[in-house]
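Student: coords please:
(2 chains)
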Amino acid sequence: MASKRDVNLTINGASHAVSIEPRRTLADVLRDDCGLTGTHLGCEHGVCGACTVLVDGRPVRSCLMFGVQAEGKTIRTVEGLADGDTLHPLQQAFWENHGLQCGFCTPGFLMLAAGALEENPEMSDNEIKDVLSSNLCRCTGYQNIVKAVRIAARELRARPRA
Amino acid sequence: MSHIGRSLRRIEDRPLLRGAGAFAADCNARDQLHMRVVRSPVAFGRILGIETAEACALDGVVAIWTIADVAELPPIDFRQMGLEALAAYRQFVLARDYVRYVGEPVAVVFAVDPYVAEDAADLVYCDIDEQAAQLDATAPPVAFKPDIYPGLLSEPAVLRRAYGDIDAAFAAAEKIVAVEVKVGRHTGVPLETRGALGVYDADKDVVTLYGVAKVPHYNRDAITRMLGLGPGRLQLSEGHVGGGFGIRGELYPEDVLVCAAALRLHRPVKWIEDRKEHLLAANHSRDQVYRLRAAVDKRGFILGLKAEFFTDQGAYVRTHGTTVTDLSAAMLPGPYVIPAYCVEGHIRLTNKTPAGTYRAPGRYESTFARERLIDKIASDLGLSPVEVRRANFIAAEAMPFDRGIQTLGTGVVYDSGKYGDLLERVLDRLDYDQLQQELAARRDRGEHVGLGVACFVEKSGLGPQDLVRIRVDGRGTIEIVTGVASVGQGVETVLAQICAETIDVPIERISVVHGQTDRIEIGFGAFASRVTVMAGSAVKIASEALRDRALATAAKLLQTTPDTLRLSNGTVEAIDGGASLPLGDVALHLEESGGLTGEGRFVAGHMTYPYGIHAAQVKVDPSTCGITIERYLVGYDVGRAINPMLIEGQIVGAAAQGIGGALLEEFVYDENGQPLAASFADYLMPTCHEVPEIEVLLREDAPSPLNPLGVKGAGEAGINAVGAALAAAIDAALQKPGVVTQLPITPARLHAILRGRRP
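Tutor: Numbering: from 1, shown residues only, chains lettered A, B, ... in the order given. Sure, this is the predicted structure:
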């Protein structure tokens, strides 16, 4: 086994001290070392986007990044999206609009959309579709995912800015 | 309050939205080992030796097995449609004597860490004497395992079905119309790969397998038999399942190996498939060639149909036995009368990944073939494709319609259907004549646009039975326990809606337990669009039994008769007002005598046959060979809709998969049998850019007379006719009838078509 390195990760505002091999992907570190299994692995080669998390606010495929590379960066995962029992507007819109079936790709889509909308809250419907074409879903045919994100985008825009 | 027919949001969604699901890879046990499968690097060859010493020496490796270590395990048996003739073609859990496809398991490594297990697997060397691979299922059969099974050829079986006087039909024909068409090799590819965790509890002497799906009860029994376990020593527990589509949950070598290892190594054993493995090892599907000849009269009415087709079953015959070929043969005639029919379905083995069922197995393919034939009949006779379909439809008055052949061990009897009526509704929705004029005008302006229509009959609600138990506790909360399984299709919500409707309780009080072999003794699982039909009907029966018991008990407590009471919003109340009693109180009163429960068993000897029509409008760009789907409509009669939003979700999602199989997805092999589509960079699934807005025209005009709800299944309607409809639309766009004969219609194939058109 390769030698391990001690790394301190900031995930959803909490600090996680882990001892990891340099070759471990961020996705595996999140799931297996930090117990945050909401981030899913669908392909481990950067195509499906199920493992999308936010690193310093931007959507990243956590299967294509090593855990050690995340040191000093701010990581957000699906577990940090809701505010206590109150779902994030994206989660609520996915629920109301049947934007998920098996739910495996859902965390990746939620984080992709959350990151994209934070970066550009004024995204047009077409821009939203462009962003969402980064990830794969095998159940829904995307219709309700796209619809849910558009509805959540409007909801987020209508909110007073923090 | 009414619950059936309402588009309620799902009761199962909250944990999935919060990242709190329990998918296979999310399951862990203390001290677990990680299994990694060493897979064959070649498509066909004799195994000379497997060298494991270097891998064994790696720090953290606990064991490495080859077939010699599990020699006592029998091959994986058939779950359905087994034939004696197929027995020799079953797959062992690890390769024995020969490897027959790239990706076949030849050894397994057990190590303390998944990375170490993968390192070790890379060090295992397979010494294989490679031989020429068989890759064409229509080529003459070859030896299956030369010198191991002398004389055993790569054609395990030929299925033959026939009815009517086929010779008379052809003798009377105005014209004979023939087509040869091919559907490519593609499959379900759920976003979650397969996985398994086996945990042995030494105190109880019980192994529990997690990560299971689809048919937990059957797989419990099958693994129990294979490992020679006593009754009750194996439990299967279903968590969240990241998509099924027919391929997940069948019994695979890895499931058996995980259980065997947990027992033998006395440590939990976890296996998570990676995506490359999935594309090489989980069931492929489709991959059929059809040769059809129809005897038709002047109106295009089919007097007789002769069919020969070939199913490329891949390297072995897996759990489905003859299912795909059997369904293809039985469902090929579709919604049309076809008074005489004979079919010969060849099951052929090749050196590719073994194939099984994928959503609408045998129908996606046979609908493509049949509807291509109908379009050819129309063009050969100079008739409109719609007119030929009208001329051939089975009339509503002819229902129930006995096809006179069997599939899956039951007679094909269409229970209800108004095919012609649905066609008119679809044409009306499209404004068909006007739309055709507009498309013609656009073609006159140089655009390549066209419309295609394809009709189909589905089948759903396969028996034999399902069992449901419902219990109310003292707080008035309700638990439904069923042996069916969830693959993410909304089982919990649908069953809860049926229960809520029947006993009139708030749906929030209902929870649904599924896929747990220790909670209910039988269960037939989630496939063949059977859950709403079978378990839904059982829930209705169980709910009625529970309601009757609640009313009878409450009547005693309220000193009245049951017929003066009713259930309303979770409370027993007097119909004329006055006294009332919460359901939880009734349950408390019955605690001593077994509780407030209801049991329902629904038995079905025949399937139900929903039906539908797809219409596709496409635009072809000859300069890029790109295909844009401008409009897509699915008309579908589901008998009765429990939750329209969920049904539409099923249809839209299935249509997207159908588009993948029609335009993008294909397992391509080189001449040595090396797979060329073993990643998502090469096996192309649709993104939201490739999937248009799918319109759904959902109808309830022909409820099933075969179950108390009148429901038919909804899982496979959206995919069934996609290949057929898109092919017809592309034909029309190019104004070249019959030019599309093969799926997927990739840019390369379209380029060849266009080059043929303008050399």
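
Student: how near is the spatially most central residue of chain A to chain B?
Tutor: Nearest residue to the geometric centre of chain A (CA atoms, centre = their mean): A:Met111, 2.8 Å. To chain B, A:Met111 is 9 Å away according to CB to the nearest CB, to the nearest Å. C-beta: built from backbone N, CA, C; applies to glycine.

Student: Help me confirm that that residue comes into contact with A:Cys51.
Tutor: No - at 9.1 Å, A:Met111 does not count as touching A:Cys51 under the criterion of CB atoms under 8 Å.

Student: Identify the residue nearest the residue nearest to the centre of chain A in space, chain neighbours excluded?
Tutor: A:Thr52 (4.6 Å; CB to CB, 6 or more residues apart in numbering or on different chains).

Student: Check A:Pro121 too.
Tutor: Nearest residue to A:Pro121, sequence neighbours excluded (CB to CB, 6+ apart): A:Arg157, at 5.6 Å.

Student: burial measure for the closest residue to B:Ala702 other than its chain neighbours, as a count.
Tutor: Nearest residue to B:Ala702, sequence neighbours excluded (CB to CB, 6+ apart): B:Ser416, at 4.0 Å. Neighbourhood size, B:Ser416 [other CB atoms under 10 Å in any protein chain shown]: 22.

Student: Neighbours of the residue in chain B that chain A sits nearest to, how many?
Tutor: Proximity to chain A, evaluated over chain B using CB to the nearest CB, is greatest for B:Gly19 at 1.9 Å. Burial of B:Gly19 is recorded as 24 neighbouring residues (other CB under 10 Å).

Student: My understanding was that it contacts A:Arg31; is that so?
Tutor: No - at 10.6 Å, B:Gly19 does not count as touching A:Arg31 under the criterion of CB under 8 Å.

Student: And the helix ranked longest in chain B, what's buried?
Tutor: Using DSSP state H, we find that the single longest helix of chain B is helix B:531-557. Neighbour counts over helix B:531-557 (16 or more other CB atoms under 10 Å in any protein chain shown) mark B:531-543, B:545-547, B:549-551, B:553-555 as buried.

Student: quick revisit: now do the shared contacts for B:Gly19 and A:Arg31.
Tutor: Residues touching both B:Gly19 and A:Arg31 by CB atoms under 8 Å, 6 or more residues apart in numbering or on different chains: A:Thr37, A:Thr39.

Student: helix, strand or coil for the residue nearest to B:Ala702?
Tutor: Three-state call for B:Ser416 (DSSP: H, G, I helix; E, B strand; the rest coil): coil.

Student: Next up, the contacts around it.
Tutor: By CB under 8 Å, 6+ apart, the residues touching B:Ser416 are B:Met399, B:Pro400, B:Tyr609, B:Gly639, B:Ala702, B:Pro703, B:Ser704, B:Pro705.

Student: please redo it, this time with the cut-off set to 10 Å
Tutor: Residues in contact with B:Ser416 (CB atoms under 10 Å, 6 or more residues apart in numbering or on different chains) are B:396, B:399-401, B:608-611, B:637, B:639, B:701-706, B:710, B:712.

Student: so what are the domain limits for chain A?
Tutor: With domains defined by automatic domain parsing, chain A comprises A:5-79, A:89-158.

Student: will you turn these into JSON lines that also has distance to B:Asp77?
Tutor: As requested, these are exported to JSON lines (distance: least, CB to CB, whole Å):
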{"stretch": "domain A:5-79", "distance to B:Asp77": "31"}
{"stretch": "domain A:89-158", "distance to B:Asp77": "28"}
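
Student: Pipe those domains into JSON lines and attach mean pLDDT per row.
Tutor: As requested, the domains of chain A are exported to JSON lines (pLDDT from 0 to 100):
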{"stretch": "domain A:5-79", "mean pLDDT": "98"}
{"stretch": "domain A:89-158", "mean pLDDT": "97"}
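
Student: how is chain B carved up into domains?
Tutor: Domain segmentation of chain B under automatic domain parsing yields B:24-132+B:191-243+B:247-281, B:285-461+B:607-754, B:462-603.

Student: Reformat these as TSV; add mean pLDDT and distance to A:Cys43.
Tutor: What follows is the domains of chain B, written out as TSV (pLDDT from 0 to 100; distance: least, CB to CB, whole Å):
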stretch	mean pLDDT	distance to A:Cys43
domain B:24-132+B:191-243+B:247-281	97	4
domain B:285-461+B:607-754	98	5
domain B:462-603	96	18
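
Student: Let me have these in a markdown table, extended by distance to B:Arg160.
Tutor: Below are those laid out as a markdown table (distance: least, CB to CB, whole Å):
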| stretch | distance to B:Arg160 |
| --- | --- |
| domain B:24-132+B:191-243+B:247-281 | 13 |
| domain B:285-461+B:607-754 | 5 |
| domain B:462-603 | 23 |
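
Student: What residue in chain A comes nearest to chain B?
Tutor: Closest point on chain A to chain B, by CB to the nearest CB, is A:Gly38, at 1.9 Å.

Student: Let me see the ranges of the strands in the stretch 301-450 of chain B.
Tutor: All strands of the stretch 301-450 of chain B, identified by DSSP state E, counting those that start in this stretch, fall at B:302-312, B:340-348, B:401-407, B:410-414, B:449-457.

Student: can you list those strands in TSV and add mean neighbour count?
Tutor: Below are the strands of the stretch 301-450 of chain B laid out as TSV (neighbours: other CB atoms under 10 Å in any protein chain shown):
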stretch	mean neighbour count
strand B:302-312	24
strand B:340-348	22
strand B:401-407	17
strand B:410-414	18
strand B:449-457	26
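
Student: among the ones you listed, which is nearest B:Thr357?
Tutor: With CB to CB, the closest approach to B:Thr357 among the strands of the stretch 301-450 of chain B belongs to strand B:302-312: 11.4 Å.

Student: Adjacent strands (with direction) for that closest one?
Tutor: Under the criterion DSSP bridges, strand B:302-312 sits next to strand B:285-296 (antiparallel), strand B:340-348 (parallel) in its sheet.

Student: Alpha carbons of the longest helix seen in chain A, as CSV, please.
Tutor: Longest helix of chain A, by residue count under DSSP H: helix A:143-158. Included here for helix A:143-158 are C-alpha records, laid out as CSV according to Å, rounded to 0.1, in the frame of the first residue of the first chain:
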residue,chain,number,x,y,z
GLN,A,143,-37.8,16.4,-19.2
ASN,A,144,-38.7,16.8,-15.5
ILE,A,145,-35.1,17.5,-14.5
VAL,A,146,-34.9,20.4,-16.9
LYS,A,147,-38.3,21.6,-15.8
ALA,A,148,-37.5,21.4,-12.1
VAL,A,149,-34.2,23.3,-12.5
ARG,A,150,-36.0,26.1,-14.5
ILE,A,151,-38.6,26.4,-11.8
ALA,A,152,-36.0,26.4,-9.0
ALA,A,153,-34.0,29.0,-10.9
ARG,A,154,-37.1,31.3,-10.9
GLU,A,155,-37.7,30.6,-7.3
LEU,A,156,-34.1,31.4,-6.4
ARG,A,157,-34.2,34.6,-8.4
ALA,A,158,-37.3,35.8,-6.6
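
Student: Could you check it and say which residues are buried?
Tutor: By neighbour count with 16+ other CB under 10 Å, helix A:143-158 contains the buried residues A:Gln143, A:Asn144, A:Ile145, A:Val146, A:Lys147, A:Ala148, A:Val149, A:Arg150, A:Ile151, A:Ala152, A:Ala153, A:Leu156.

Student: Would you check that the first one makes contact with B:Gly653?
Tutor: Yes - with contact defined as CB atoms under 10 Å, A:Gln143 reaches B:Gly653; the gap is 8.6 Å.

Student: Overlap of the contact sets of the two?
Tutor: Common contact partners of A:Gln143 and B:Gly653 (CB under 10 Å, 6+ apart): B:Val691, B:Ile694.
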